[in-house]
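J.: For reference, the sequence and a predicted model appear below.
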Amino acid sequence: MTAPVIAALFTAVYFGATIRLCRGVRLCAKSLALGGVICAATLILEAIYIPLPTGASIHAVPCVPLMLLALTYDRRIAFLSGWVCGVLLLVINPLWQPVHWAQIFVEHLVCFSCLGYAGIFGANTRPKILAGILLALFLKFCGHVLSGVVFFSQNAWDGWGAWAYSLTYHLTSKIPEGIATAVVLMLLPVAGIRKAIGKEVLHANRSTMD
């Protein structure tokens, strides 16, 4: 019973904190357009993967678009876009079919929306960007591991407990995928992208006023 309780507490705290951080969000036309493009890019990258002998897969850095949205535009839009991605994957990706309704909350609605936390510390310095990336990746890893322990323990290898199985299963894929994600984001000109988006928003606001 320990694992379900931990999963329930993690999910409750996560949603409480994330919903609180989403307060005041405004869905303007630009936000909806950016969110739509980011969701599409995320889903495409999620569909590209290399299967591993453990049964896990390494995907083509699908975390990058949502993290970049959080770092350069608005983390609240990244949270909302992540929830949309989680719902869409239920429909279009067979690998994301839940085995239990509760899995949707523990994993599906956490493991993409949490990428918005990449922007929680700001994006004006590299250390802050890296700290946000690591936090987002850690939350994603927790969601996957808890889901594995609670909902997929029957798939554990012979002689392996549920926790050991889930940790090993996800470490084999999430560590290389996380490293690749961090490298890509640290190499991108985040400050330049943020300024470009800011100028575009300012120009659009001025055009509307005129």
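T.: Ah, there it is. Numbers count the residues shown, from 1 in each chain.
J.: where along the protein do the strands fall?
T.: Using DSSP state E, the strands found in the chain span residues 49-51, 57-59.
J.: Go through these and pick out the most buried.
T.: Highest mean neighbour count of the strands of the chain: strand 57-59, a mean of 17 (counted as mean count of other C-beta atoms under 10 Å). To be clear about C-beta, it is placed using only N, CA and C from the backbone, and glycine gets the same treatment.
J.: neighbouring contacts of it?
T.: Contacts with strand 57-59, where a contact means C-beta atoms under 8 Å, 6 or more residues apart in numbering, come from 45-46, 48-52, 95, 173, 176-177.
J.: Show me the contact partners of stretch 96-110.
T.: For stretch 96-110, contacts defined as C-beta under 8 Å, 6+ apart pick out 7, 10-11, 14-15, 83, 86-87, 89-90, 139-140, 143-144, 146-147, 150-152.
J.: rewinding a little: any idea which of the contacts of strand 57-59 has the most stuff around it?
T.: residue 177 (24 neighbours; other C-beta atoms under 10 Å).
J.: partner residues bridging the nearest residue to it once chain neighbours are set aside?
T.: Of all residues not flanking residue 177 in the chain, residue 58 sits nearest, at 5.3 Å (C-beta to C-beta, 6 or more residues apart in numbering). Following DSSP bridges, residue 58 is listed with bridge partners residue 50.
J.: picking up where we left off before, give the buried subset of the contacts of stretch 96-110 as a PyMOL selection command.
T.: Of the contacts of stretch 96-110, the buried ones can be selected in PyMOL as follows, counting by 16 or more other C-beta atoms under 10 Å:
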select buried, resi 7+10+11+14+83+86+89+139+140+143+144+146+147+150+151+152
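J.: re earlier: in TSV: the strands of the chain, plus mean pLDDT and distance to residue 187.
T.: What follows is the strands of the chain, written out as TSV (pLDDT from 0 to 100; distance: least, C-beta to C-beta, whole Å):
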stretch	mean pLDDT	distance to residue 187
strand 49-51	92	21
strand 57-59	92	19
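J.: for the protein, which residue is closest to the average position?
T.: residue 112 (2.7 Å; C-alpha atoms, centre = their mean).
J.: show me the contacts for it.
T.: By C-beta under 8 Å, 6+ apart, residue 112 lies in contact with 42, 66, 81-83, 85-86, 89, 140.
J.: Find the nearest non-adjacent residue to it, please.
T.: Nearest to residue 112 is residue 82, by C-beta to C-beta, 6+ apart, at 3.8 Å.
J.: tally of neighbours for that neighbour?
T.: By other C-beta under 10 Å, neighbour count at residue 82 equals 31.
J.: how close does it get to residue 160?
T.: Distance, residue 82 to residue 160, using C-beta to C-beta, to the nearest Å: 31 Å.
J.: Residue 144 reaches residue 174, doesn't it?
T.: Yes. Applying C-beta atoms under 8 Å, one finds residue 144 in contact with residue 174, separated by 6.8 Å.
J.: per-residue pLDDT, the nearest residue to residue 63 once chain neighbours are set aside?
T.: Excluding the flanking residues, the one nearest residue 63 by C-beta to C-beta, 6+ apart is residue 181, at 4.6 Å. Looking at residue 181, its pLDDT is 97.
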